[in-house]
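Colleague: Take a look and give me a structure for this.
(one chain, ligands or ions: 1)
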Amino acid sequence: MLSKEQVDQYHSEGYVVARSLIDEVALDQLRELVSEMLVGAEELTEHNEKFDLEPSHKASEPKVRRIKTPHKWHSFFWDLIRSPRLVSCLTDLLGSDVRLHGSKLNLKSSQEGSAVEWHQDWAFYPHSNDHVLAVGLMMDDMTLDNGPLLVVPGSHRVNKVWNHHQDGYFCGAIPASQNRDLDFEGAIPCLGKAGDCSFHHVRLVHGSAQNTSQSPRRLMLYECAAADAWPYLKFSDLEEFNGRMIVGEPTLEPRSTDVPIRMPFPEAKRQGSIYENQTSAADRFFT
Ligand SMILES: O=C(O)CCC(=O)C(=O)O
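Modeller: Have a look, this model is predicted:
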């Protein structure tokens, strides 16, 4: 599914965008399902295990910024990630055996959807090797003004975990002013049409600005790992773990490689999502 040039780009720059992986019918089904799920947030006054709310959220004017772990709430999210085109891209990049690590649906409402500060996913979920990536399924067109994913090309090859701590606690954000070795200004926006998908390496530095456009920006993120990349954290149940295979076979033999690790402890003062973790980051890049 991916060309040799695309696979080479992923390895050298740490990301690639593949066009038209999800067709209109599936996109419509996905949008309808998400609208139905959001009805469940209307009466909320606080985040819960399913929804993360924008700071301006009110029960009378609901604003959800994330649906947490969508794959746990509806099997359609599994149908999408197991669709032949996506599986083909995943095996091109990660090999024949791929497991889902987690998922999230980031919804940036028009004219306010929260920014996500610069970070590496690896800082949140280190594994025994770095054959791990995130797929960003674009539910809407990604444009310069709606807060698209921004990536710092090649940052995964520096082979380093930047410090994601501030005031002695993990906060899930790289203190921007102290890390001018990273070319934030040269970051590339992953633009595309609804149905396109980005793939970014787990150690690639990325973030995204607020949505200043008039339309929502919805990005469904699937975190995927080669079956032999075992997580250092949050492993509890083998059956559940193996049940998350997207394609191929699980293994009890992790492959360990020489990867940099920095554990996300002490835990962020505010738990629940990256947005909550990052609230304690004083040194910010995006306003
Ligand atoms: O939604 C986005 O633009 C990026 C989000 C992200 O990087 C994350 O949630 O880890």
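
Colleague: ok, how many other residues are close to Val116?
Modeller: 24 (other Cβ atoms under 10 Å). In short, each C-beta sits where N, CA and C put it, glycine included.

Colleague: Am I right that it is in contact with Asn211?
Modeller: No - using Cβ atoms under 8 Å, Val116 is not in contact with Asn211; the gap is 11.2 Å.

Colleague: Would you mark the buried spots in stretch 254-269?
Modeller: 259, 262, 264, 268 (16 or more other Cβ atoms under 10 Å).

Colleague: for stretch 68-77, same thing?
Modeller: For stretch 68-77, the neighbour count (16+ other Cβ under 10 Å) marks 68, 70-71, 73, 77 as buried.

Colleague: Report whether stretch 135-155 contacts the ligand.
Modeller: Yes - Stretch 135-155 reaches the ligand (Cβ under 6 Å from any ligand atom) through Leu149.

Colleague: What segments of the chain are strands?
Modeller: With DSSP state E as the criterion, the chain has strands at 15-18, 51-53, 64-68, 98-108, 116-119, 132-138, 150-151, 165-166, 169-170, 188-189, 197-201, 206-208, 217-226, 245-247.

Colleague: other SSEs contacting the longest one?
Modeller: With contacts taken as 3 or more Cβ pairs under 8 Å, 6 or more residues apart in numbering; DSSP states H and E, strand 98-108 sits against strand 64-68, helix 70-73, helix 76-81, helix 84-94, strand 217-226, strand 245-247.

Colleague: Which positions in the fifth one come out as buried?
Modeller: This points to strand 217-226. Taking 16+ other Cβ under 10 Å as the criterion, strand 217-226 shows 217-226 as buried.

Colleague: Also within reach of the ligand: list those from those residues.
Modeller: Okay, of those touching the ligand (Cβ under 6 Å from any ligand atom), that's 219, 221.

Colleague: Nearest to the ligand, out of the buried residues of strand 217-226: which one, please.
Modeller: Leu219 (4.7 Å; Cβ to the nearest ligand atom).

Colleague: Contacts only, for that closest one.
Modeller: By Cβ atoms under 8 Å, 6 or more residues apart in numbering, the contact set of Leu219 is 105-106, 108, 136-139, 142, 149.

Colleague: Can you tell me how far it is from Thr45?
Modeller: Distance of Leu219 to Thr45, computed by Cβ to Cβ, to the nearest Å: 26 Å.

Colleague: and if you look at Ala226?
Modeller: From Ala226 to Thr45 the distance is 41 Å (Cβ to Cβ).

Colleague: cool, Asn159 as well?
Modeller: 44 Å.

Colleague: For the ligand, what's its nearest residue on the stretch 151-287 of the chain.
Modeller: Ser208 (3.2 Å).
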